[in-house]
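Chemist: okay, here's the prediction I keep looking at, along with the sequence it came from:
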Amino acid sequence: MKYHKLIAGLTAAVCLFSGFPVNAEGEETVEIKATQDDKNPIPDKYTTGASGALTKVGLGDTVSGVTFKASGTNDANTINFAYPVAPIPSSVVIENCDFSDYKLSILGDETVTDRDVHITFRNCRFGNVSKGAEDSRVYCEFENCSLQHFQGSNAGFLNCAIGGSYQDGMQIFRHVSLTNCYFSDFIYPCTTGEYHTDGVHIFGKANIPVTDLNFDHCRFEVPFNNLAGSDAYVNSCFMLSPEYSNASHITVKDCIMNGGGYTIYASDRDRDGTRWTVSDTSFVNVKVGDAHLYGDIYPTMRSAGATFTNLSDVDSLYIGYVGKNGDNTCFSVTNDTNVERTLRIVTDQGTFVSAIAACPGGRGLRNVTERLDFPTDQLVSVPVDANFAVCLDATDPDNLKQIRFVNYGSTPVYLTQDQLQGNEAYTVVEPGENSGAGINTSGNSQSGSSGSYTKPAHTHSFAWVTTEQPSVYRLGVECYRCEQCGLVKDSRSIDYTANILKTIRNTVAAAPQNGAVTIQTGGYISLDKVTAEALQIRNDVTVTFSFVYRKQKYEMTVPAGFDWVSTLNQEGWTGFLYIGSFPGVVVTPVQ
């Protein structure tokens, strides 16, 4: 007789089965329940920002009763409350417009003292938007809008996409709230001078304390990725570092952040003899991905006024958009971790599996000079019109994680363990493109299928296999894989620096007496104590390192007789830049 067990209150990214008994006949089932990520999907490029046909707004046009005035330089449309071209209504809704050919500047809003003005922009596209930093009775609401950059106060953002240039996504001051917003797409060349790019940069303004800023269920994809010839480089996802006024009452909760040198800065700051402080600020339930250069939080100058509660690393795939495209069912999936992960989608019409590439990360990113392909918002399109779909991160077969569930019908969904564990036939589906604005309506170019097969019954024979070699910007991956059927039971990362250090030790150890070796390290690295001691033992060898630092290639030749161990710091590390400062060491730029 068939029976089922109910798992109630299942939350996103929790173990679905842990020691759960398997019925010998495969008849035991569980009911799949919706999670918080199903009720409030993670924002992505498909679910945020403007879409559809938009009406271009020219310089000085009138829209919804508001007449815009051209700026003196003819590069901006302005709404000037101090000197209006025509009366400005107290309530305005502007929909389906494209303002991106010109900047939008809202001026003189602090002069409005006799009424409240509420301007709503709905499904609009913008380039740069600026508004006064002072408190005012003019409030701007942006719903399902796309913006390259916003600077100002007294504004709200819902389901907005922010990014599209090398500029900070936002520079904000007072009374600003963001819900379900997505920060991404900041890798663009800049040739006008050095620019540090942040998803959000909060620095304050003279005589205007920062306060009342709220970020709820937002996502930041700001990977560290610099372009050759560009003066801009990514600094952080979230930069809270007041330089001109104090900052207080800032809340960041239920967010995902991936990128930056450090992903988050939250620090007091000394400037011109004044100590500017952060207070009453909290980061709650924030997950951090691996596309940063150094780490999660800048370790020094962290403010005592900023608290972190339940800050954790992203440990699984996640899915934002789910929808239909003809007879296909589409899923927008992202991997913010540094290992390749397995997506399993169980539907009423079969099971589908996709391998989602690892996210590049680590210090090697410093030396990358072209745009990288990050596994962000990749569209996986399964060739069935599914009535339901259960999405699992199946990277670890012993620790399945439910990451998304959609049910287009009213009937509860029950699945067997064989379905969930992947013990039945499945179709391998390649993930599609991870850039662009929308879904390909042809349904032909987003993904493909390499066929299906049924895993034969056998005794597994597991061995560690390198499936991805490490590089300067990406960890390698080893999988504990069955040699017969390919089932992966476990995986672990291979650190590029550890591999290089091992190569250095082995190369020098094998060098002839009083010989010379040249070692390609790819990027700038630090040497640990074990490596320094190995080089000290063979300091009869002249060693040349070839590496890239800040987009410039160098060769550093260290002569025989060099005292390697004396360069170690208290933690047992030394670096190329420090070694290069010693007499006799020659560092040469290479064209």
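Modeler: Thanks, I have it.
Chemist: what average pLDDT does stretch 91-111 get?
Modeler: What stretch 91-111 shows for mean pLDDT is 96.
Chemist: quick one: buried residues of it?
Modeler: For stretch 91-111, burial by neighbour count (16 or more other Cβ atoms under 10 Å) applies to 92, 94, 97-100, 102-111. Every residue, glycine included, has its C-beta placed from N, CA and C.
Chemist: Ile208: which of these is nearest?
Modeler: Nearest to Ile208 out of the buried residues of stretch 91-111 is Glu110 (Cβ to Cβ; 10.5 Å).
Chemist: which parts of stretch 541-555 are buried?
Modeler: Buried, per 16+ other Cβ under 10 Å, within stretch 541-555: 541-543, 545, 547-549, 554.
Chemist: got CSV for these, with pLDDT and secondary structure too?
Modeler: What follows is the buried residues of stretch 541-555, written out as CSV (pLDDT from 0 to 100; DSSP: H, G, I helix; E, B strand; the rest coil):
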residue, pLDDT, secondary structure
Val541, 96, coil
Thr542, 96, strand
Val543, 96, strand
Phe545, 94, strand
Phe547, 88, strand
Val548, 84, strand
Tyr549, 82, strand
Tyr554, 92, strand
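Chemist: between those residues, which is closest to Ala357?
Modeler: Val548 (23.1 Å).
Chemist: how close does the closest one get to His201?
Modeler: Here the distance between Val548 and His201 works out to 28 Å (Cβ to Cβ, to the nearest Å).
Chemist: same question, Thr588
Modeler: From Thr588 over to His201 (counting by Cβ to Cβ), the distance is 37 Å.
Chemist: so the residue nearest to Phe562 when sequence neighbours are not counted: helix, strand or coil?
Modeler: Nearest non-adjacent residue to Phe562, counting by Cβ to Cβ, 6 or more residues apart in numbering: Asn539, 5.8 Å away. Put simply, Asn539 is coil when judged by DSSP: H, G, I helix; E, B strand; the rest coil.
Chemist: doesn't Gly561 make contact with Asn539?
Modeler: Yes. Look at Asn539 against Gly561 with Cβ atoms under 8 Å: they come within range, at 5.8 Å.
Chemist: looking at the two, which is more packed in?
Modeler: Asn539 (17 against 9; other Cβ atoms under 10 Å).
Chemist: residues contacting that one?
Modeler: By Cβ atoms under 8 Å, 6 or more residues apart in numbering, the contact list for Asn539 reads 560-564.
Chemist: just the buried ones among those residues, please.
Modeler: 562, 564.
Chemist: helix or strand for Ile504, which one?
Modeler: In this assignment (DSSP states H and E), Ile504 forms part of helix 496-509.
Chemist: mind giving me the packing neighbours of that helix?
Modeler: Judged by 3 or more Cβ pairs under 8 Å, 6 or more residues apart in numbering; DSSP states H and E, helix 496-509 is in contact with strand 516-523, strand 526-528, helix 529-537.
Chemist: give me the distance from the longest one to the chain's centre.
Modeler: To tie it back to what came earlier, the one meant is helix 529-537. 37 Å (Cα atoms, centre = their mean, to the nearest Å).
Chemist: tilt between that helix and helix 496-509?
Modeler: Orientation check (axes from the mean of the first three to the mean of the last three Cα atoms, to 10 degrees): helix 529-537 against helix 496-509 gives 20 degrees.
Chemist: show me where pLDDT drops low in the stretch 401-550 of the chain?
Modeler: 433-460, 467-477, 479, 481-496 (pLDDT under 70).
Chemist: try the chain
Modeler: For the chain (pLDDT under 70), the answer is 1-27, 299-302, 433-460, 467-477, 479, 481-496.
Chemist: can you pull the domain assignment for it?
Modeler: 3-31+328-455, 55-313, 498-590 (automatic domain parsing).
Chemist: okay, the ones you listed in TSV with distance to Tyr321 next?
Modeler: Converted to TSV, the domains of the chain look like this (distance: least, Cβ to Cβ, whole Å):
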stretch	distance to Tyr321
domain 3-31+328-455	4
domain 55-313	11
domain 498-590	35
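Chemist: mind checking which of the ones you listed is nearest Gly320?
Modeler: So among the domains of the chain, domain 3-31+328-455 is nearest, using Cβ to Cβ, at 4.7 Å.
Chemist: tally of neighbours for the nearest residue to Asp98 once chain neighbours are set aside?
Modeler: Nearest residue to Asp98, sequence neighbours excluded (Cβ to Cβ, 6+ apart): Leu54, at 4.0 Å. Summarising burial for Leu54: neighbours were counted as other Cβ under 10 Å, giving 17.
Chemist: check Ala232 too.
Modeler: 22.
Chemist: wouldn't Lys306 be in contact with Val284 here?
Modeler: Just to correct that, residue 306 is Ala rather than Lys. No. In this structure, Ala306 is not within contact of Val284 by Cβ under 8 Å, at 11.4 Å.
Chemist: sorry, back to before: most packed of the helices and strands packed on helix 496-509?
Modeler: strand 526-528 (a mean of 20; mean count of other Cβ atoms under 10 Å).
Chemist: can you name the residues bridging to Ile297?
Modeler: Counting by DSSP bridges, Ile297 forms beta bridges with Ile264.
Chemist: distance-wise, check it relative to Asn310.
Modeler: For Ile297, the distance to Asn310 - Cβ to Cβ - is 14 Å.
Chemist: neighbour count: the two, which is higher?
Modeler: Ile297 (20 against 11).
Chemist: check which strands are paired with the longest strand anywhere in the chain and give the direction for each one.
Modeler: In the chain, assigned by DSSP state E, the strand with the most residues is strand 247-259. Strand partners for strand 247-259, identified by DSSP bridges, are recorded as strand 210-216 (parallel), strand 219-222 (parallel), strand 278-288 (parallel).
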